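Enquirer: With the input below, show me the fold.
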Amino acid sequence: MTTSSSERGVSLGMPELPAPDYPDDVRARLEGDAREVIARYPDSRSALLPLLHLVQAEEGHVTRTGMRFCADVLGLTTAEVTAVATFYTMYRRRPSGDYQVGVCTNTLCAVMGGDAIFEALQEHLGVGNGETTDDGKVTLEHIECNAACDFAPVVMVNWEFFDNQTVQSAKRLVDDLRRGARVEPTRGAPLCTFKETARILAGFPDERDGAVEATGGAGPASLVGLRLARGEAAPARVVHPREGGPHEEPQGAVHEPSPAEHLSSHDAPQKTSASDPSHPAGPTAEEGE
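Expert: Okay, here's the model as predicted:
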């Protein structure tokens, strides 16, 4: 005798119903914005990335309704839109906070204290990676390199830089965000909410006072490399073997490397890791120290 799937404890489930549509007024407004975005591209499907930012600006994350909207206005299938929306981590797939706090845990930031900062913020906020605080203010996540290694460890809030962070400064940062205090990035434009950031990324003007003029400049280490590439800095000194040679420095002399000089791979590593229990101090001193 055969048994049915339900008798075997196997549920085949029901097909997922189509995503609901936006209310008429919201859809009309989004369609106007979408036409403006699509007009920038010779091929309409090239507008998919900014349109995903547009619908993310509406609800704070990319919903099934948002993906259906993108598919409708671009003449794509929802499967094609879903494939793109799930590929890029910049598109959130579930509700998230007003402020996306990302702690860089890539190699340099990690060893300079990023790992310690991320672990401390998880405990301080009571959330895990990708989770949001109960008040809906902060979503915490670890992120990959943000090309700011000379400012390590770096924390980003809605893609704005907060450089040279420590455990204590990062805690103060998230506390200020949660209580609505004014927070200024180290570099770049003033902070705005994640929804406002998403609309800017969709290609619409940033109308905040001073936001366009604000910029995130490169750090000293990056600028030294740029000058070297342009041939503007003095050539690097040839480092001779330590045990002697015709150009050996006087015994007991301390060599101070120039900004253009790479330290030898033999030089001892610097004890700067905030995640190293034996060297708990962060890369920058705390206030009052």
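
Enquirer: Give me the distance between Phe118 and Gly102.
Expert: 9 Å (CB to CB, to the nearest Å). Every residue, glycine included, has its C-beta placed from N, CA and C.

Enquirer: Settle it for me: which of these two has more neighbours?
Expert: Taking neighbours as other CB atoms under 10 Å, Phe118 and Gly102 compare with Phe118 leading, 26 against 21.

Enquirer: Buried residues, the longest helix seen in the chain. List them.
Expert: Longest helix of the chain, by residue count under DSSP state H: helix 24-38. Using 16 or more other CB atoms under 10 Å as the test for burial, helix 24-38 gives 27, 30, 33-34, 37-38.

Enquirer: Could you dump these into CSV with pLDDT and distance to Pro18 added?
Expert: Below are the buried residues of helix 24-38 laid out as CSV (pLDDT from 0 to 100; distance: CB to CB, whole Å):
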residue, pLDDT, distance to Pro18
Arg27, 93, 15
Leu30, 95, 18
Asp33, 95, 23
Ala34, 95, 20
Val37, 95, 24
Ile38, 95, 23
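
Enquirer: Name the nearest of those relative to Pro190.
Expert: Asp33 (23.3 Å; CB to CB).

Enquirer: measure the closest one to His53 for me?
Expert: Distance, Asp33 to His53, using CB to CB: 11 Å.

Enquirer: Give the residues shared as contacts by these two.
Expert: Ala202 (CB atoms under 8 Å, 6 or more residues apart in numbering).

Enquirer: circling back: out of the buried residues of helix 24-38, the closest to Ala181 would be?
Expert: Asp33 (31.7 Å).

Enquirer: The closest one contacts Val73, correct?
Expert: No: contact criterion CB atoms under 8 Å: Asp33 and Val73 do not qualify, at 10.0 Å.

Enquirer: just to revisit the earlier point, common neighbours of Phe118 and Gly102, please.
Expert: The contact sets of Phe118 and Gly102 overlap at His142 (CB under 8 Å, 6+ apart).
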